[in-house]
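Chemist: can't give you the sequence, but here's the structure:
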């Protein structure tokens, strides 16, 4: 392997680890908000989708979920374990594993089609949030037995504006992080 390939690979591994750690750290800032807590994780998740290729985005989120599943307190409220993933809010976390690579894929697809980077990033951010909401909402209503509308009102509606602001921050930060990561 050439020194350039080794440096590039080491940089990608380091960036992936740092973004997984950022995702964990963003859960530490947790505000109880009814059934679903408010965290900064959407900002970190969108940033992962905007900076990493889809396979590495999935890897970063997978590492985070695995660390939490084995019990380390990396989920909101400093919790960990499988019970969190199978509980009412676990669908949002599991949605991260689908959302990050989906957002990265959309970003990559739009960039190949010569779409402006800011537009590609914005569309990818919307995809990330939509996927997290869909999977999280579905598990919330299944686990709690809430009616679909009640689940939507409890687990999605209150977060739309704050998550849009977090995603906007991620879209603005992404070019800086990409340059720093050499992406």
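Modeler: Perfect, thanks for sending it. Note that this is a predicted model, so its numbers are computed, not measured. Residues are numbered from 1 along each chain as shown.

Chemist: now find how far off-centre stretch 80-91 is within its chain.
Modeler: Centroid separation for stretch 80-91 versus its chain: 16 Å, with Cα atoms, centre = their mean, to the nearest Å.

Chemist: residues making contact with that stretch?
Modeler: Taking contacts as Cβ atoms under 8 Å, 6 or more residues apart in numbering, the residues outside stretch 80-91 that touch it are 35-37, 65, 67-76, 93-94, 135-140, 142-144, 155. Any C-beta I mention is one placed from the backbone N, CA and C, and that applies to glycine too.

Chemist: and those residues, which are buried?
Modeler: 36-37, 65, 67-69, 73-76, 93-94, 135-140, 144, 155 (16 or more other Cβ atoms under 10 Å).

Chemist: how about the helices in the chain?
Modeler: Applying DSSP state H to the chain gives helices spanning 3-28, 41-51, 54-69, 82-86, 90-112, 117-144, 148-155, 160-181.

Chemist: pick the most buried one from these.
Modeler: helix 41-51 (a mean of 28; mean count of other Cβ atoms under 10 Å).

Chemist: who are the packing partners of it?
Modeler: Under the contact definition 3 or more Cβ pairs under 8 Å, 6 or more residues apart in numbering; DSSP states H and E, helix 41-51 sits against helix 3-28, helix 54-69, helix 90-112, helix 117-144, helix 160-181.

Chemist: avg pLDDT for the third one?
Modeler: Confidence over helix 90-112 (mean pLDDT, whole number) is 96.
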